[in-house]
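Participant: Generate coordinates for the sequence data below:
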Amino acid sequence: MFLSRAMFVAVLLSSSICNGKETQFNDKSNKTAGFQLGNGTFLLNGDPIRLYAGSLQHFRIHPQHWQHRLTLARAMGLNAVQTLIPWMMMEPTPGEFVTAGFLDIVKFLQLAQETNLLVVLRPGPFICDGPDYGGFPWWLTQNNPQEGTSSNLRVRTADTAFLNRVDLFFGKLFSMLREANLTADLGGPVIMAQIDNEYGLFGADPQYLAHLRDFWRQGLGNGVVIHSTDPASPRVLAGSRLQGVLQTVDFGFGDPAQYFATLRESQRLVSQKPQPQMVSEIYPGYLTYIGGNQFPIAYDPNKFANFLDTILDTEHCGGNTSFALWLFAACTDFGFWGGTLWGYQSSTLTLLTPTYDFGAPVDEAGKIRPLFFLLRDVLKKHGAIIPSSPLPPAPPVYAYGQVVMNQTISLWDALQVLQPSPVVSPTVKTMEELGQGYGYILYSTQIPSFDTVGAVNVDIGGIRDRALVYFNHSLYQTCSRGNTVDTTVCTSPTPSARGKNLDILVENQGRPTGGYIDVELTFRGISRHVALNGQLLGNWTIYPLPLNNTDSLKPIWKQQKGGIRQPASASYPTFYRGSLTIAEGKLGDTFLTLLGWQKGQAWVNGFNIARYWSIGPQFSFYCPAGFLKEGVNEVLLLETSGAPQNLTVEFKDAHTIVGPPSPTPQQCPQGWSAHAPGFWQNTWPHCEGSGPCHQDNVNITTGACANKCNLTKGCLAFEIFQPEPKACYLFIDALQTPFSPDPDCFVCVKGAT
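Facilitator: The predicted structure is shown next:
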């Protein structure tokens, strides 16, 4: 049973703090109404205040749990929360404005105020490296003259077409917030609004930033501080420096005094008056990515608590510092919401896991971690008023057990209901050209009758992101995107392809975030051509498959007698369906565990839960109670790479953590430490040594080193003995190699612990 909203609010002892005093929201008669900049400090309705904030991203948390997470934030000693505006979700098509459910920002802000929390708003339009396309709507680069969008539009610039769409959407948003009296000068909780995010890493266009500043100011009123956030680097801060915009920084471990000194130097270039200093993102953990070897990534809680203590040390940091924790509560990129990072792994596109954790003090299901209590003690030391009421209990989490997926529909059989109106085209087209934002897209053609002797090469120009190539519905090859606008060649020793049907199923794995790269890399599907042994193919039938209404499958479900039988070879794409029965009074959160399944998408009761992939490191997926019901629940998978023999999934009461076993220390020479393999992480120390397989960032690619390194047991190994090991690195290719933990795969790093 979930606590009511009234019961949650009742556990609060006092209002937010304002340097040891209760914060009073403006009564609209105060002449110094709203949030303003004082002499080196923030002022709330004329009183000095330090912000102790945490990122609580409403659109990544089920609304049923908003009050619980807000109450915990206040109970830890925070006086503010930070949230983002997902433009891509709130305007899914041009002119559509969605504000219900996960997107009810008015409701979230009202709950925050009732919980005596201020709000730092991050509208965007670019919000962060995480959501698809960084939070931009996919249709911005669709050729649509009526809506003023085109493939020539450039995000995060002063491009008139882009700014017109920005003004249309954010004009509606800001009007809605003002009408609900949610800005600080009107008595509401919104005190700050960020323009873009880490813009200095991307560009240095004052015209673009000035447009956002002026539009934010006009839309939100004078009682809200307009600010920017960037890493604490002089070069980066120069890119976002602008009169009338408070600069703040973000950083990880290090000496915060140096970071703030860099910030103050930049602030002085636009204001002679001392400005407040704030770190808008500090990280108790880090990103987890598909194919990585760790999930989640959380830093040592004692070390992080000491770090925050140093940040809040007025004498050490040269002023009253405010902060925002990234994140306060772990959250989820459900369905197709997640994007990819450009350049995170040496100029590659890296897929993020559905769980967005960052080592937060509260986990995805609302369970408190030890870091919560350590940070609460730090905040209390620095003047935070901690409510004396008991902490609210975590929402119930249940292990419902196994479900047999005993019904099936092949994708080929489902096409008639999933896409009854395919597009016939002489050439391949992208998702965007066909008005599709997310999901899969299927390209089908009949191969002309010409001889193909020996190997068959299927050349796919501009594939985004992962293609399954079939001849007569039999899997021929799996091909993944390149890192540039290029041609991917799928080769297999099939002796002949005469007269066969060719099908290419392409999965959109998430658009890259940030706008850093060639706009063509944001297009999904196939952007250029398909050729067979050098000859272009045409006469395509294209099936856009957004998969946003799985109820369409119900009329054609059929019970399989004697169980489901997969083809002897690698499978064709298939929907699997099972039923989970939940007893009365046992409704709660749960974790869908998919060990043994290979690659695909999961739904529960029509709610798109997550992308899954057997390369790990995430094998279980959070399913909030709001997606479930007492009685019979439908569980649905689209499996594209082969189902396990037992055809079961399992619902557990916690994440299933599976990773490479720790290597034994004696496997490394004296003075060296052993680490599990995985993609390079920037938290690793650099290996020493030199050679064709060694780079300073410890990133090794099979293409450059195939003739120098040993490829064994799913790991790439490289060691130099001169006369002792000088460099050694092992990794799993996340785009090609199945996840296969093995204690013999390890990396020795000299001097590391």
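
Participant: so which strand or helix has Ile386?
Facilitator: Ile386 belongs to no helix or strand when assigned by DSSP states H and E.

Participant: list the contacts for it?
Facilitator: Listed by Cβ atoms under 8 Å, 6 or more residues apart in numbering, the contact partners of Ile386 are 75-77, 376, 379-380. (Each C-beta comes from the backbone N, C-alpha and C, glycine too.)

Participant: Check Leu37 too.
Facilitator: Contacts of Leu37 were listed using Cβ under 8 Å, 6+ apart, and they are 43, 225, 246, 273, 275-276.

Participant: Where is pLDDT lowest across the residues you listed?
Facilitator: Lowest-confidence member of the contacts of Leu37: Lys273, scoring 92 (pLDDT).

Participant: Chain neighbours aside, what residue packs nearest to that residue?
Facilitator: Excluding its sequence neighbours, the residue lying closest to Lys273 (Cβ to Cβ, 6 or more residues apart in numbering) is Asn39, at 6.5 Å.

Participant: Next: Phe169.
Facilitator: Per Cβ to Cβ, 6+ apart, closest to Phe169 is Glu91, 5.2 Å.

Participant: my read: Pro231 touches Thr248, true?
Facilitator: No: shown here, Pro231 and Thr248 do not form a contact pair, counting by Cβ atoms under 8 Å, at 10.9 Å.

Participant: For Ser426, the count of nearby residues, please.
Facilitator: Actually, residue 426 is Pro. It isn't Ser. Close neighbours of Pro426, defined as other Cβ atoms under 10 Å, add up to 8.

Participant: Repeat that for Asp551.
Facilitator: Here the neighbour count serves as a burial measure; for Asp551 (other Cβ under 10 Å) it reads 10.

Participant: Check what pLDDT it gets.
Facilitator: With respect to pLDDT, Asp551 has a value of 91.

Participant: before we move on, what about the one 4 residues further on?
Facilitator: According to the per-residue confidence, Pro555 scores 85 in pLDDT.

Participant: quick one, phi psi at the residue nearest to it when sequence neighbours are not counted?
Facilitator: For Pro555, ignoring the flanking residues on the chain, the nearest one in space by Cβ to Cβ, 6+ apart is Val417 at 6.8 Å. Dihedral angles of Val417 (phi, psi; degrees, to the nearest 10) stand at phi -100, psi -30.

Participant: secondary structure element for Gln110?
Facilitator: For Gln110, the element it lies in under DSSP H and E is helix 105-114.

Participant: Could you do Lys303 as well?
Facilitator: Taking DSSP H and E as the criterion, the element that holds Lys303 is helix 301-311.

Participant: Show me which residues of that helix are buried.
Facilitator: Neighbour-count burial for helix 301-311, with 16 or more other Cβ atoms under 10 Å as criterion, is recorded at 301, 304-305, 307-311.

Participant: next helix or strand past that helix?
Facilitator: With DSSP H and E, the next secondary element past helix 301-311 is helix 314-317.

Participant: Mind jotting down where the helices sit in the stretch 151-300 of the chain?
Facilitator: Across the stretch 151-300 of the chain, reading from the start of the chain, the helices by DSSP state H, counting those that start in this stretch fall at 160-179, 206-220, 234-240, 256-268.

Participant: separation between the spatially closest residue to Pro296 that is not a sequence neighbour and Leu628?
Facilitator: Leaving aside its chain neighbours, Pro296 sits nearest to Asp357 (3.7 Å; criterion: Cβ to Cβ, 6+ apart). Look at Asp357 and Leu628: by Cβ to Cβ, to the nearest Å, they are 22 Å apart.
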